[in-house]
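Enquirer: No letters, just coordinates:
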Ligand code: C2E
Ligand code: CA
Ligand code: CA
Ligand code: CA
């Protein structure tokens, strides 16, 4: 190998082992993040244009490590999803959300739901429903105040089990939202196959709304959801033009920086 090539390879390997060791380090730290109190939640409102108010909040997990600082959720969630760590994190989120919702209920903030993100493969775990019910009962919350956003990074497997769990949750009163609709593995057949109450159109479609054909795609997605009798939420709405366009095509549940960034408990209260 020529000299420059060799150093190229060495740098490549160095880069690889760097990202590998960051990953291993993060995984190791993440195991202790709960006990060390490094996790917290931010909440982002979902607005209903007709009701002219926030109808719900999405809980978004945050991790601030004392040395490494804030780690982006996409980075640590992926690491967690590769192991059983995600189950521990989801359970932490679930109880933190229920406990927070209880506090808000006691303050008479009664009407909005909070949604939590759960990877599809966790839905068909045996104790999933039990932990949902247990948390709602522990805080004495009506099930309607909790919704579950299913994120889909791999094709949904275990169809029978997933269906059974979803139906049971729906009957119990916990709605299920299909997140990031239109990208990845979340295919159109899911809409027919699984009992989703709501679809969330992925933000990449909203960000592309400057483009004419992207507009048509977005309009078709909204129409499809509505024709199937589902609620349709658009996420990642940042601009007034995007907001107006979505209203004009019948999508009036809106989430995004245009209304509010994800914020702390105190700041989000002003929306109620
Ligand atoms: P997601 O579920 O699609 O959440 C929406 C993401 O879009 C959030 O990123 C939010 O901060 C961001 N966002 C909201 N409005 C706008 C906007 O107007 N413009 C743009 N550009 N972005 C906007 P975040 O908080 O970084 O989370 C990233 C992803 O990490 C989430 O995507 C979700 O898949 C995952 N995640 C976050 N919290 C949890 C959790 O508690 N459990 C699980 N399993 N996944 C989580
Ligand atoms: Ca989500
Ligand atoms: Ca999403
Ligand atoms: Ca996403």
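Expert: Now that the structure is in, tell me what you want to look at. Small disclaimer: the values here were computed from a predicted structure and weren't measured. Ligands and ions are numbered 1, 2, ... in the order given.
Enquirer: burial of the residue nearest to residue 228 when sequence neighbours are not counted, as a residue count?
Expert: In space, and not counting its chain neighbours, residue 228 is closest to residue 191: 5.7 Å by C-beta to C-beta, 6 or more residues apart in numbering. The C-beta positions use only the backbone N, C-alpha and C, and glycine is treated the same way. Residues lying near residue 191 (other C-beta atoms under 10 Å) number 18.
Enquirer: in which helix or strand would I find residue 191?
Expert: helix 188-193 (DSSP states H and E).
Enquirer: now that helix, how far from the chain's geometric center?
Expert: Mean-position distance between helix 188-193 and its chain equals 19 Å (C-alpha atoms, centre = their mean, to the nearest Å).
Enquirer: following it, which helix or strand shows up next?
Expert: strand 198-201.
Enquirer: Got the confidence number for the residue in the stretch 1-150 of the chain positioned nearest to ligand 3?
Expert: Using C-beta to the ion, the closest approach of the stretch 1-150 of the chain to ligand 3 is made by residue 149 at 7.1 Å. The per-residue pLDDT reported for residue 149 equals 96.
Enquirer: same deal with residue 156?
Expert: pLDDT, residue 156: 73.
Enquirer: wait, isn't it in contact with residue 190?
Expert: Yes - Residue 156 lies in contact with residue 190 (C-beta atoms under 8 Å); the separation is 7.0 Å.
Enquirer: Neighbour count: those two, which is higher?
Expert: In this view residue 156 and residue 190 are compared by other C-beta under 10 Å, and residue 156 has more residues nearby, 20 against 17.
Enquirer: Confirm the more buried one sits in a strand?
Expert: No - counting by DSSP: H, G, I helix; E, B strand; the rest coil, residue 156 is not found in a strand; it is coil.
Enquirer: how close does it get to residue 81?
Expert: Here the criterion is C-beta to C-beta, to the nearest Å. By it, residue 156 lies 14 Å from residue 81.
Enquirer: With residue 230 instead?
Expert: Residue 230 is 26 Å from residue 81, by C-beta to C-beta.
Enquirer: How about residue 234?
Expert: Counting by C-beta to C-beta, the gap from residue 234 to residue 81 is 25 Å.
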